[in-house]
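K.L.:
sequence and predicted structure are below.
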Amino acid sequence: QVQLVESGGGLVQPGGSLRLSCAASGFTFSSSPVSWVRQFPGKGIEWVARMDVPGGNTYYAESVKGRFTISRDNAKNMLYLQMASLEPEDTAVYYCSAKYLMTSYWGQGTPVTVSS
């Protein structure tokens with residue numbers, strides 16, 4: 001079955017960097033558009049980044065543009081979110097998502113806390 005498993009979250013100081021990973025299985029990952037979304041502690045949800053197929057065009061929320069980079073390794077069925085210049089406002093649970101056969105699938109999330 002379709003499965004997405006995030007990893008790489010944790011505690012990081014302001015200004016630091018972190019790379020989130022998302023392992024995909026059970027579907028044709030290379031042909032699926034993918035996204036990262038985050039849920040803030042107050043439960044608000046924000047779309048973070050997206051990579052389309054074909055072509056690999058990327059899109060980012062204004063709040064993360066220039067600091068976050070979405071990428072994928074289709075050979076490994078992996079999705080990544082490289083985060084730099086992290087701010088306390090980036091504290092959230094981060095979810096990866098993939099669209100397959102017109103259905104969106106989500107992982108269980110990985111928490112990121114930005115604090116000194």
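P.N.:
Received, thanks.

K.L.:
when you work out contacts or count neighbours from here on, use the C-alpha atoms and nothing else.
P.N.:
Noted.

K.L.:
quick one: mean pLDDT over stretch 24-40.
P.N.:
Mean pLDDT, stretch 24-40: 96.

K.L.:
that should have said stretch 91-105, apologies.
P.N.:
The model assigns stretch 91-105 a mean pLDDT of 96.

K.L.:
that one: end-to-end distance?
P.N.:
Stretch 91-105 has an end-to-end distance of 23 Å (criterion: C-alpha to C-alpha, to the nearest Å).

K.L.:
what lies in contact with that stretch?
P.N.:
Contact partners of stretch 91-105, identified using C-alpha atoms under 8 Å, 6 or more residues apart in numbering, comprise 2-4, 6, 22, 27-29, 32-41, 79, 106-114.

K.L.:
can you rerun that using 6 Å?
P.N.:
When contacts are defined by C-alpha atoms under 6 Å, 6 or more residues apart in numbering, stretch 91-105 is touched by residues 32-40, 106-107, 109-114.

K.L.:
centre of the chain to stretch 29-39, how far?
P.N.:
7 Å (C-alpha atoms, centre = their mean, to the nearest Å).

K.L.:
and what of stretch 86-98?
P.N.:
Counting by C-alpha atoms, centre = their mean, stretch 86-98 comes out at 7 Å from the chain centroid.

K.L.:
measure the residue most central in space within the chain to P14 for me?
P.N.:
Closest to where the C-alpha atoms of the chain average out (C-alpha atoms, centre = their mean) is W36, at 3.2 Å. Between W36 and P14 the distance is 21 Å, computed by C-alpha to C-alpha.

K.L.:
over to E46?
P.N.:
Taken as C-alpha to C-alpha, the span from E46 to P14 is 20 Å.

K.L.:
swap in A92?
P.N.:
Taken as C-alpha to C-alpha, the span from A92 to P14 is 14 Å.

K.L.:
those two: who's more crowded?
P.N.:
It is A92, of A92 and P14, that has more neighbours when counted by other C-alpha atoms under 10 Å, with 24 against 17.
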